[in-house]
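[1] next input, structure requested:
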Amino acid sequence: MSTGAQQAQTAPLHPSDGTASMRKRLARGGSISFLINSAGMALSMLMQVALARMLGAEGYGLFAFVTTITTFVVFPAKLGFDTTIVRMAAAYRAKGEWGLLAGLLRRGNQFGLALSTAAAIIGITVVLLQSGGEMSERTLTYTAGFATVPLLTLATLRQSALQALKDVLFAQMPEKIVRPILTIGLLGAAASLGWRADAGTAMLAFAVSVVLSYGIGAVVLRKRLLPHTSGLAPSYDTKGWLRISTSLMINAGMYLVLGQLNVLMMGVMLSETSTGIFSAAVRLASLVSFMLTAINMTASPLVSETYARGDMKGLQRVCESSGRAGFLFAAAVFAGFAIGGRWVLGLFGPAFHDAYVPLLILAAGQLFSSFCGQNGTVATMTGRTSSLTKVLVAAAIVNALLNVALIPTMGMIGGAIAASVSVAMWNIAMVVIVKRQLGIQTMAWPMRGRKQ
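    Purely as a prediction, here's the structure:
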(Lines give C-alpha, C1' and ligand atoms only; values in the text may rest on other atoms or scores of the structure.)
Protein backbone atom coordinates (compact mmCIF):
# COMPACT_ATOMS: atom_id res chain seq x y z
CA MET A 1 0.00 0.00 0.00
CA SER A 2 1.30 3.45 -0.89
CA THR A 3 2.16 6.04 1.74
CA GLY A 4 -0.66 8.26 0.55
CA ALA A 5 -3.12 5.40 0.83
CA GLN A 6 -1.89 4.59 4.32
CA GLN A 7 -2.28 8.18 5.41
CA ALA A 8 -5.76 8.32 3.96
CA GLN A 9 -6.64 5.10 5.69
CA THR A 10 -5.38 6.10 9.11
CA ALA A 11 -6.15 9.81 9.15
CA PRO A 12 -8.25 10.65 12.24
CA LEU A 13 -11.60 11.99 11.14
CA HIS A 14 -12.49 13.74 14.39
CA PRO A 15 -9.42 13.84 16.62
CA SER A 16 -11.11 16.04 19.24
CA ASP A 17 -13.87 13.55 19.95
CA GLY A 18 -13.75 12.03 23.42
CA THR A 19 -15.05 8.71 24.64
CA ALA A 20 -18.48 10.12 25.51
CA SER A 21 -18.79 11.65 22.06
CA MET A 22 -17.75 8.37 20.46
CA ARG A 23 -20.42 6.48 22.35
CA LYS A 24 -23.06 9.04 21.45
CA ARG A 25 -22.14 8.79 17.77
CA LEU A 26 -22.25 5.00 17.92
CA ALA A 27 -25.65 5.09 19.62
CA ARG A 28 -27.10 7.79 17.36
CA GLY A 29 -25.78 6.40 14.10
CA GLY A 30 -26.52 2.84 15.13
CA SER A 31 -30.09 3.77 16.07
CA ILE A 32 -30.76 5.41 12.71
CA SER A 33 -29.21 2.51 10.86
CA PHE A 34 -31.15 0.02 13.00
CA LEU A 35 -34.47 1.74 12.32
CA ILE A 36 -33.83 1.90 8.58
CA ASN A 37 -32.61 -1.66 8.47
CA SER A 38 -35.56 -2.82 10.58
CA ALA A 39 -38.04 -1.22 8.23
CA GLY A 40 -36.08 -2.45 5.23
CA MET A 41 -35.86 -5.99 6.56
CA ALA A 42 -39.58 -6.03 7.32
CA LEU A 43 -40.37 -4.80 3.81
CA SER A 44 -37.94 -7.28 2.29
CA MET A 45 -39.56 -10.13 4.18
CA LEU A 46 -43.00 -8.86 3.14
CA MET A 47 -41.83 -8.81 -0.46
CA GLN A 48 -40.43 -12.34 -0.22
CA VAL A 49 -43.62 -13.65 1.39
CA ALA A 50 -45.76 -11.92 -1.24
CA LEU A 51 -43.61 -13.34 -4.03
CA ALA A 52 -43.70 -16.84 -2.57
CA ARG A 53 -47.48 -16.67 -2.18
CA MET A 54 -48.09 -15.28 -5.65
CA LEU A 55 -45.53 -17.33 -7.54
CA GLY A 56 -45.62 -20.61 -5.62
CA ALA A 57 -42.55 -22.57 -4.53
CA GLU A 58 -41.41 -23.26 -8.11
CA GLY A 59 -41.79 -19.69 -9.41
CA TYR A 60 -40.27 -18.22 -6.26
CA GLY A 61 -37.39 -20.67 -6.55
CA LEU A 62 -36.65 -19.46 -10.09
CA PHE A 63 -36.81 -15.82 -8.97
CA ALA A 64 -34.53 -16.48 -5.97
CA PHE A 65 -32.03 -18.44 -8.05
CA VAL A 66 -31.74 -15.68 -10.67
CA THR A 67 -31.33 -12.96 -8.05
CA THR A 68 -28.55 -15.03 -6.46
CA ILE A 69 -26.81 -15.29 -9.84
CA THR A 70 -27.07 -11.52 -10.40
CA THR A 71 -25.56 -10.98 -6.94
CA PHE A 72 -22.52 -13.02 -7.97
CA VAL A 73 -22.29 -11.12 -11.28
CA VAL A 74 -22.49 -7.70 -9.60
CA PHE A 75 -19.64 -8.52 -7.23
CA PRO A 76 -16.73 -8.57 -9.74
CA ALA A 77 -18.27 -5.64 -11.62
CA LYS A 78 -17.80 -3.44 -8.53
CA LEU A 79 -14.10 -4.33 -8.59
CA GLY A 80 -13.94 -3.67 -4.84
CA PHE A 81 -14.56 0.05 -5.27
CA ASP A 82 -17.58 -0.04 -2.94
CA THR A 83 -15.38 -0.83 0.09
CA THR A 84 -12.60 1.46 -1.13
CA ILE A 85 -15.06 4.34 -1.30
CA VAL A 86 -16.12 3.77 2.31
CA ARG A 87 -12.49 3.70 3.49
CA MET A 88 -11.10 6.56 1.41
CA ALA A 89 -13.95 9.03 0.84
CA ALA A 90 -14.40 9.80 4.53
CA ALA A 91 -10.71 10.66 4.83
CA TYR A 92 -10.81 12.84 1.70
CA ARG A 93 -13.87 14.63 3.05
CA ALA A 94 -12.28 15.25 6.45
CA LYS A 95 -9.15 16.73 4.84
CA GLY A 96 -11.12 18.78 2.32
CA GLU A 97 -9.68 16.85 -0.64
CA TRP A 98 -12.89 17.05 -2.64
CA GLY A 99 -11.07 16.71 -5.95
CA LEU A 100 -9.78 13.27 -4.98
CA LEU A 101 -13.20 12.32 -3.63
CA ALA A 102 -14.87 13.33 -6.89
CA GLY A 103 -12.22 11.47 -8.86
CA LEU A 104 -12.63 8.32 -6.77
CA LEU A 105 -16.40 8.27 -7.30
CA ARG A 106 -16.09 8.96 -11.02
CA ARG A 107 -13.41 6.32 -11.57
CA GLY A 108 -15.35 3.76 -9.55
CA ASN A 109 -18.49 4.41 -11.59
CA GLN A 110 -16.56 4.20 -14.84
CA PHE A 111 -15.07 0.82 -14.01
CA GLY A 112 -18.34 -0.42 -12.56
CA LEU A 113 -20.45 0.65 -15.53
CA ALA A 114 -18.07 -0.82 -18.09
CA LEU A 115 -17.69 -4.19 -16.37
CA SER A 116 -21.34 -4.57 -15.37
CA THR A 117 -22.61 -3.66 -18.85
CA ALA A 118 -20.28 -6.21 -20.43
CA ALA A 119 -21.42 -8.86 -17.94
CA ALA A 120 -25.08 -8.05 -18.57
CA ILE A 121 -24.68 -8.25 -22.36
CA ILE A 122 -22.85 -11.58 -22.14
CA GLY A 123 -25.46 -13.00 -19.76
CA ILE A 124 -28.44 -11.89 -21.86
CA THR A 125 -26.80 -13.18 -25.04
CA VAL A 126 -26.18 -16.62 -23.54
CA VAL A 127 -29.77 -16.81 -22.26
CA LEU A 128 -31.28 -15.83 -25.61
CA LEU A 129 -29.07 -18.28 -27.51
CA GLN A 130 -30.03 -21.11 -25.19
CA SER A 131 -33.74 -20.27 -25.46
CA GLY A 132 -33.70 -20.44 -29.25
CA GLY A 133 -35.63 -17.18 -29.45
CA GLU A 134 -38.57 -18.40 -27.35
CA MET A 135 -39.50 -15.88 -24.65
CA SER A 136 -40.61 -18.28 -21.93
CA GLU A 137 -41.05 -17.47 -18.25
CA ARG A 138 -37.57 -18.78 -17.56
CA THR A 139 -35.99 -16.77 -20.40
CA LEU A 140 -37.75 -13.55 -19.37
CA THR A 141 -36.68 -14.00 -15.74
CA TYR A 142 -33.02 -14.48 -16.61
CA THR A 143 -33.03 -11.67 -19.21
CA ALA A 144 -34.64 -9.14 -16.89
CA GLY A 145 -32.34 -10.24 -14.07
CA PHE A 146 -29.17 -9.70 -16.09
CA ALA A 147 -30.51 -6.34 -17.29
CA THR A 148 -30.52 -5.07 -13.69
CA VAL A 149 -26.79 -5.77 -13.19
CA PRO A 150 -25.43 -2.34 -14.31
CA LEU A 151 -27.75 -0.31 -12.09
CA LEU A 152 -27.36 -2.70 -9.16
CA THR A 153 -23.59 -2.18 -9.45
CA LEU A 154 -23.83 1.61 -9.61
CA ALA A 155 -26.37 1.65 -6.78
CA THR A 156 -23.93 -0.18 -4.52
CA LEU A 157 -21.19 2.37 -5.28
CA ARG A 158 -23.59 5.24 -4.64
CA GLN A 159 -24.64 3.66 -1.35
CA SER A 160 -20.99 3.44 -0.27
CA ALA A 161 -20.42 7.10 -1.15
CA LEU A 162 -23.34 8.27 0.98
CA GLN A 163 -22.22 6.03 3.83
CA ALA A 164 -18.76 7.61 3.69
CA LEU A 165 -20.41 11.05 3.75
CA LYS A 166 -22.28 9.91 6.89
CA ASP A 167 -25.70 10.15 5.29
CA VAL A 168 -26.90 6.89 6.83
CA LEU A 169 -30.54 7.57 5.95
CA PHE A 170 -30.22 7.99 2.18
CA ALA A 171 -27.36 5.51 1.94
CA GLN A 172 -29.87 2.78 2.72
CA MET A 173 -33.40 4.09 2.12
CA PRO A 174 -33.62 3.73 -1.70
CA GLU A 175 -32.61 0.05 -1.68
CA LYS A 176 -34.04 -1.04 1.66
CA ILE A 177 -37.30 0.93 1.70
CA VAL A 178 -38.21 2.21 -1.75
CA ARG A 179 -37.20 -0.83 -3.81
CA PRO A 180 -39.27 -3.50 -2.01
CA ILE A 181 -42.32 -1.20 -1.84
CA LEU A 182 -42.10 -0.53 -5.57
CA THR A 183 -41.56 -4.21 -6.39
CA ILE A 184 -44.61 -5.32 -4.42
CA GLY A 185 -46.71 -2.45 -5.78
CA LEU A 186 -45.72 -2.99 -9.40
CA LEU A 187 -46.27 -6.74 -9.23
CA GLY A 188 -49.67 -6.22 -7.64
CA ALA A 189 -50.58 -3.64 -10.29
CA ALA A 190 -49.50 -6.00 -13.07
CA ALA A 191 -51.61 -8.80 -11.60
CA SER A 192 -54.64 -6.52 -11.31
CA LEU A 193 -54.25 -5.62 -14.99
CA GLY A 194 -54.43 -9.27 -15.95
CA TRP A 195 -50.73 -10.06 -16.25
CA ARG A 196 -49.78 -13.56 -15.20
CA ALA A 197 -48.11 -13.54 -11.79
CA ASP A 198 -45.01 -15.58 -12.56
CA ALA A 199 -41.26 -15.25 -12.01
CA GLY A 200 -40.79 -13.27 -15.25
CA THR A 201 -43.36 -10.65 -14.27
CA ALA A 202 -41.86 -10.45 -10.77
CA MET A 203 -38.38 -9.88 -12.19
CA LEU A 204 -39.68 -7.15 -14.52
CA ALA A 205 -41.29 -5.42 -11.51
CA PHE A 206 -38.01 -5.73 -9.64
CA ALA A 207 -36.07 -4.30 -12.59
CA VAL A 208 -38.32 -1.23 -12.78
CA SER A 209 -37.98 -0.72 -9.02
CA VAL A 210 -34.18 -0.88 -9.38
CA VAL A 211 -34.29 1.91 -11.98
CA LEU A 212 -36.51 4.17 -9.88
CA SER A 213 -34.72 3.59 -6.55
CA TYR A 214 -31.35 4.18 -8.22
CA GLY A 215 -32.61 7.50 -9.60
CA ILE A 216 -33.61 8.65 -6.11
CA GLY A 217 -30.23 7.77 -4.62
CA ALA A 218 -28.30 9.36 -7.50
CA VAL A 219 -30.16 12.66 -7.08
CA VAL A 220 -29.45 12.72 -3.34
CA LEU A 221 -25.73 12.03 -3.84
CA ARG A 222 -25.47 14.75 -6.43
CA LYS A 223 -27.03 17.26 -4.03
CA ARG A 224 -24.65 16.23 -1.25
CA LEU A 225 -21.58 16.63 -3.47
CA LEU A 226 -22.52 19.63 -5.61
CA PRO A 227 -21.72 22.37 -3.01
CA HIS A 228 -18.20 20.96 -2.61
CA THR A 229 -17.32 19.79 -6.13
CA SER A 230 -19.05 22.32 -8.39
CA GLY A 231 -16.47 23.66 -10.83
CA LEU A 232 -13.76 21.50 -9.24
CA ALA A 233 -11.64 19.30 -11.51
CA PRO A 234 -11.50 15.68 -10.27
CA SER A 235 -8.11 14.34 -9.19
CA TYR A 236 -7.13 10.71 -9.70
CA ASP A 237 -5.02 8.10 -7.95
CA THR A 238 -6.23 5.23 -10.13
CA LYS A 239 -3.30 2.87 -9.48
CA GLY A 240 -3.53 3.36 -5.72
CA TRP A 241 -7.29 2.88 -5.71
CA LEU A 242 -7.06 -0.26 -7.84
CA ARG A 243 -4.40 -1.70 -5.53
CA ILE A 244 -6.58 -1.15 -2.47
CA SER A 245 -9.75 -2.27 -4.26
CA THR A 246 -8.23 -5.52 -5.46
CA SER A 247 -7.21 -6.49 -1.95
CA LEU A 248 -10.59 -5.58 -0.48
CA MET A 249 -12.46 -7.29 -3.34
CA ILE A 250 -10.95 -10.64 -2.40
CA ASN A 251 -12.30 -10.40 1.13
CA ALA A 252 -15.68 -9.15 -0.06
CA GLY A 253 -15.80 -12.05 -2.49
CA MET A 254 -15.19 -14.51 0.30
CA TYR A 255 -18.02 -12.97 2.33
CA LEU A 256 -20.27 -13.33 -0.71
CA VAL A 257 -19.27 -16.95 -1.23
CA LEU A 258 -19.87 -17.74 2.43
CA GLY A 259 -23.28 -16.06 2.33
CA GLN A 260 -24.66 -17.16 -1.03
CA LEU A 261 -22.74 -20.18 -2.31
CA ASN A 262 -25.03 -22.59 -0.49
CA VAL A 263 -28.09 -21.12 -2.21
CA LEU A 264 -26.43 -21.30 -5.61
CA MET A 265 -25.19 -24.87 -5.17
CA MET A 266 -28.61 -25.93 -3.92
CA GLY A 267 -30.08 -24.89 -7.26
CA VAL A 268 -27.30 -26.54 -9.25
CA MET A 269 -27.21 -29.82 -7.31
CA LEU A 270 -30.90 -30.21 -6.44
CA SER A 271 -33.49 -27.91 -8.06
CA GLU A 272 -34.55 -24.28 -8.33
CA THR A 273 -37.56 -25.11 -6.14
CA SER A 274 -35.20 -26.26 -3.38
CA THR A 275 -33.27 -23.03 -3.88
CA GLY A 276 -36.39 -20.99 -3.21
CA ILE A 277 -37.25 -22.87 -0.02
CA PHE A 278 -33.66 -22.79 1.25
CA SER A 279 -33.34 -19.12 0.29
CA ALA A 280 -36.25 -18.29 2.59
CA ALA A 281 -34.40 -19.95 5.48
CA VAL A 282 -31.19 -18.06 4.62
CA ARG A 283 -33.03 -14.72 4.55
CA LEU A 284 -34.73 -15.39 7.86
CA ALA A 285 -31.51 -16.58 9.51
CA SER A 286 -29.83 -13.30 8.52
CA LEU A 287 -32.19 -11.58 10.97
CA VAL A 288 -30.20 -13.11 13.82
CA SER A 289 -27.11 -11.01 13.03
CA PHE A 290 -29.24 -8.09 11.87
CA MET A 291 -28.44 -5.77 14.79
CA LEU A 292 -24.69 -6.25 14.47
CA THR A 293 -24.91 -5.51 10.74
CA ALA A 294 -26.94 -2.36 11.37
CA ILE A 295 -24.55 -1.07 14.03
CA ASN A 296 -21.61 -1.80 11.74
CA MET A 297 -22.64 1.09 9.47
CA THR A 298 -21.60 3.43 12.29
CA ALA A 299 -19.02 1.23 14.02
CA SER A 300 -16.76 0.87 10.95
CA PRO A 301 -15.60 4.52 10.80
CA LEU A 302 -15.33 4.61 14.61
CA VAL A 303 -13.01 1.60 14.55
CA SER A 304 -10.88 3.38 11.97
CA GLU A 305 -10.82 6.61 13.98
CA THR A 306 -9.92 5.12 17.34
CA TYR A 307 -7.20 2.95 15.82
CA ALA A 308 -5.76 5.93 13.92
CA ARG A 309 -5.49 7.87 17.20
CA GLY A 310 -3.85 4.92 18.92
CA ASP A 311 -6.81 4.80 21.31
CA MET A 312 -6.89 1.05 21.86
CA LYS A 313 -9.10 1.38 24.94
CA GLY A 314 -11.58 3.33 22.84
CA LEU A 315 -11.42 0.66 20.15
CA GLN A 316 -12.10 -2.01 22.78
CA ARG A 317 -15.13 -0.04 23.98
CA VAL A 318 -16.50 0.20 20.43
CA CYS A 319 -16.17 -3.58 20.06
CA GLU A 320 -17.77 -4.29 23.44
CA SER A 321 -20.70 -1.90 23.00
CA SER A 322 -21.56 -3.00 19.48
CA GLY A 323 -20.85 -6.68 20.14
CA ARG A 324 -23.02 -6.97 23.23
CA ALA A 325 -25.95 -5.14 21.69
CA GLY A 326 -25.67 -7.30 18.59
CA PHE A 327 -25.47 -10.59 20.51
CA LEU A 328 -28.40 -9.85 22.86
CA PHE A 329 -30.58 -9.06 19.85
CA ALA A 330 -29.32 -12.20 18.09
CA ALA A 331 -30.17 -14.40 21.09
CA ALA A 332 -33.72 -13.03 21.20
CA VAL A 333 -34.27 -13.62 17.48
CA PHE A 334 -32.81 -17.14 17.68
CA ALA A 335 -35.18 -17.98 20.54
CA GLY A 336 -38.06 -16.63 18.49
CA PHE A 337 -37.17 -18.90 15.56
CA ALA A 338 -36.78 -21.92 17.85
CA ILE A 339 -40.32 -21.36 19.14
CA GLY A 340 -42.15 -19.98 16.12
CA GLY A 341 -39.94 -20.78 13.13
CA ARG A 342 -42.42 -23.21 11.56
CA TRP A 343 -45.16 -20.60 11.70
CA VAL A 344 -42.92 -17.92 10.16
CA LEU A 345 -41.90 -20.24 7.32
CA GLY A 346 -45.54 -21.10 6.79
CA LEU A 347 -46.15 -17.49 5.78
CA PHE A 348 -44.22 -18.25 2.60
CA GLY A 349 -46.39 -21.27 1.86
CA PRO A 350 -46.92 -24.87 3.08
CA ALA A 351 -43.90 -26.20 1.16
CA PHE A 352 -41.57 -23.95 3.16
CA HIS A 353 -42.15 -25.87 6.40
CA ASP A 354 -39.42 -28.22 5.19
CA ALA A 355 -36.86 -25.49 5.87
CA TYR A 356 -37.44 -25.39 9.66
CA VAL A 357 -34.44 -27.51 10.67
CA PRO A 358 -32.11 -25.80 8.15
CA LEU A 359 -33.35 -22.46 9.51
CA LEU A 360 -32.36 -23.39 13.06
CA ILE A 361 -28.93 -24.60 11.92
CA LEU A 362 -28.32 -21.42 9.92
CA ALA A 363 -29.60 -19.26 12.78
CA ALA A 364 -27.24 -21.01 15.21
CA GLY A 365 -24.32 -20.13 12.96
CA GLN A 366 -25.40 -16.48 12.88
CA LEU A 367 -25.84 -16.49 16.66
CA PHE A 368 -22.27 -17.69 17.13
CA SER A 369 -21.05 -15.10 14.62
CA SER A 370 -22.80 -12.35 16.58
CA PHE A 371 -21.15 -13.51 19.81
CA CYS A 372 -17.75 -13.22 18.11
CA GLY A 373 -18.48 -9.57 17.32
CA GLN A 374 -16.78 -7.14 14.95
CA ASN A 375 -13.63 -9.18 14.26
CA GLY A 376 -13.85 -8.86 10.45
CA THR A 377 -14.56 -5.14 10.64
CA VAL A 378 -11.66 -4.55 13.04
CA ALA A 379 -9.29 -6.48 10.77
CA THR A 380 -10.41 -4.54 7.68
CA MET A 381 -10.36 -1.08 9.26
CA THR A 382 -6.96 -1.60 10.90
CA GLY A 383 -5.17 -2.92 7.83
CA ARG A 384 -5.13 -6.62 8.78
CA THR A 385 -6.72 -7.59 5.48
CA SER A 386 -4.08 -10.19 4.56
CA SER A 387 -4.84 -12.27 7.65
CA LEU A 388 -8.57 -11.92 7.06
CA THR A 389 -8.16 -12.97 3.42
CA LYS A 390 -6.36 -16.20 4.33
CA VAL A 391 -9.00 -17.11 6.90
CA LEU A 392 -11.94 -16.34 4.60
CA VAL A 393 -10.43 -18.25 1.68
CA ALA A 394 -9.95 -21.31 3.90
CA ALA A 395 -13.52 -21.02 5.19
CA ALA A 396 -14.90 -20.65 1.64
CA ILE A 397 -13.05 -23.79 0.53
CA VAL A 398 -14.44 -25.70 3.51
CA ASN A 399 -17.91 -24.38 2.69
CA ALA A 400 -17.71 -25.54 -0.92
CA LEU A 401 -16.34 -28.98 -0.03
CA LEU A 402 -19.01 -29.51 2.62
CA ASN A 403 -21.70 -28.46 0.16
CA VAL A 404 -20.48 -31.01 -2.37
CA ALA A 405 -20.32 -33.72 0.29
CA LEU A 406 -23.55 -33.01 2.17
CA ILE A 407 -26.13 -31.53 -0.21
CA PRO A 408 -26.59 -34.66 -2.38
CA THR A 409 -27.35 -36.85 0.67
CA MET A 410 -28.79 -34.40 3.21
CA GLY A 411 -30.33 -31.73 0.99
CA MET A 412 -31.10 -28.42 2.68
CA ILE A 413 -29.86 -29.65 6.06
CA GLY A 414 -26.47 -30.41 4.49
CA GLY A 415 -26.29 -26.94 2.96
CA ALA A 416 -27.16 -25.37 6.31
CA ILE A 417 -24.49 -27.39 8.12
CA ALA A 418 -21.89 -26.37 5.53
CA ALA A 419 -22.79 -22.70 5.95
CA SER A 420 -22.75 -22.70 9.75
CA VAL A 421 -19.53 -24.70 10.07
CA SER A 422 -17.68 -22.33 7.75
CA VAL A 423 -19.06 -19.26 9.55
CA ALA A 424 -17.98 -20.62 12.93
CA MET A 425 -14.56 -21.53 11.53
CA TRP A 426 -13.62 -18.09 10.25
CA ASN A 427 -15.06 -16.26 13.27
CA ILE A 428 -13.05 -18.36 15.74
CA ALA A 429 -9.88 -17.82 13.73
CA MET A 430 -10.37 -14.04 13.48
CA VAL A 431 -11.16 -13.65 17.19
CA VAL A 432 -7.79 -15.26 17.95
CA ILE A 433 -5.90 -13.28 15.28
CA VAL A 434 -7.34 -9.88 16.29
CA LYS A 435 -6.53 -10.61 19.94
CA ARG A 436 -2.95 -11.62 19.16
CA GLN A 437 -2.18 -8.83 16.69
CA LEU A 438 -4.04 -5.93 18.30
CA GLY A 439 -4.78 -7.01 21.85
CA ILE A 440 -8.48 -6.39 21.15
CA GLN A 441 -11.14 -8.82 22.36
CA THR A 442 -14.08 -8.72 19.93
CA MET A 443 -16.34 -11.28 21.62
CA ALA A 444 -19.44 -9.90 23.32
CA TRP A 445 -18.16 -11.29 26.63
CA PRO A 446 -14.53 -12.42 26.68
CA MET A 447 -13.49 -15.82 27.94
CA ARG A 448 -11.65 -15.44 31.27
CA GLY A 449 -10.15 -18.92 31.39
CA ARG A 450 -6.53 -17.88 30.81
CA LYS A 451 -4.42 -14.92 29.85
CA GLN A 452 -3.36 -14.64 26.24
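[2] rest of the way, CA atoms for contacts and neighbours
    Fine.
[3] point out where the stretch 51-200 of the chain drops to low pLDDT.
    90 (pLDDT under 70).
[4] actually the stretch 301-450 of the chain, not the one I typed
    Those would be 301, 447-450, if you go by pLDDT under 70 across the stretch 301-450 of the chain.
[5] now with 80?
    301-302, 304-306, 308-309, 380-381, 383, 385, 446-450 (pLDDT under 80).
[6] ok, which stretches of the stretch 51-200 of the chain are helices?
    Across the stretch 51-200 of the chain, reading from the start of the chain, the helices by DSSP state H, counting those that start in this stretch fall at 81-94, 98-131, 137-147, 149-164, 168-173, 179-192, 199-229.
[7] can I get these in TSV including distance to Gly340?
    Shown next, in TSV, are those (distance: least, C-alpha to C-alpha, whole Å):
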stretch	distance to Gly340
helix 81-94	37
helix 98-131	40
helix 137-147	33
helix 149-164	34
helix 168-173	29
helix 179-192	25
helix 199-229	29
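[8] quick one: closest of the ones you listed to Thr238.
    When the helices of the stretch 51-200 of the chain are ranked by distance to Thr238, counting by C-alpha to C-alpha, first place goes to helix 98-131 at 7.4 Å.
[9] packing partners for that closest one?
    Packed against helix 98-131, as judged by 3 or more C-alpha pairs under 8 Å, 6 or more residues apart in numbering; DSSP states H and E, are the following elements: helix 19-78, helix 81-94, helix 137-147, helix 149-164, helix 199-229, helix 238-269.
[10] returning to what we had before: who wins for proximity to Leu284 among the helices of the stretch 51-200 of the chain?
    Taking C-alpha to C-alpha, helix 179-192 is the member of those nearest to Leu284, at 16.1 Å.
[11] burial of Leu270, as a residue count?
    Counted with other C-alpha atoms under 10 Å, the neighbours of Leu270 add up to 14.
[12] next, it: phi, psi?
    Its backbone dihedrals place Leu270 at phi -120, psi -90, with angles given as degrees, to the nearest 10.
[13] ok, it to Thr382 distance?
    With the distance defined as C-alpha to C-alpha, to the nearest Å, Leu270 ends up 41 Å from Thr382.
[14] swap in Gly414?
    According to C-alpha to C-alpha, Gly414 and Thr382 sit 35 Å apart.
[15] so these two - more neighbours on which side?
    When Gly414 and Thr382 are compared for neighbours, Gly414 comes out ahead with 21 against 18, by other C-alpha under 10 Å.
[16] ok, back up a step: to Phe352, which of the helices and strands packed on helix 98-131 lies closest?
    It's helix 19-78; of the helices and strands packed on helix 98-131, that one is closest to Phe352 (C-alpha to C-alpha) at 7.9 Å.
[17] can you give me the offset of the closest one from its chain's centre?
    When distances are taken as C-alpha atoms, centre = their mean, to the nearest Å, helix 19-78 is centred 8 Å away from the chain's centroid.
[18] okay, angle between that helix and helix 98-131 too, please.
    With axes from the mean of the first three to the mean of the last three C-alpha atoms, to 10 degrees applied, the angle from helix 19-78 to helix 98-131 works out at 40 degrees.
[19] helix 19-78 versus helix 238-269: what angle between them?
    Note on geometry: by the same axes, to 10 degrees, helix 19-78 and helix 238-269 are set 70 degrees apart in direction.
[20] let me know the angle separating helix 19-78 from helix 199-229.
    Using the same axes, to 10 degrees, one finds that helix 19-78 and helix 199-229 are set 120 degrees apart in direction.
[21] please produce JSON lines containing the helices of the stretch 51-200 of the chain, extended by distance to Thr68 and mean neighbour count.
    Compiled in JSON lines, these are given as follows (distance: least, C-alpha to C-alpha, whole Å; neighbours: other C-alpha atoms under 10 Å):
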{"stretch": "helix 81-94", "distance to Thr68": "19", "mean neighbour count": "24"}
{"stretch": "helix 98-131", "distance to Thr68": "14", "mean neighbour count": "18"}
{"stretch": "helix 137-147", "distance to Thr68": "10", "mean neighbour count": "22"}
{"stretch": "helix 149-164", "distance to Thr68": "12", "mean neighbour count": "24"}
{"stretch": "helix 168-173", "distance to Thr68": "20", "mean neighbour count": "21"}
{"stretch": "helix 179-192", "distance to Thr68": "16", "mean neighbour count": "19"}
{"stretch": "helix 199-229", "distance to Thr68": "12", "mean neighbour count": "18"}
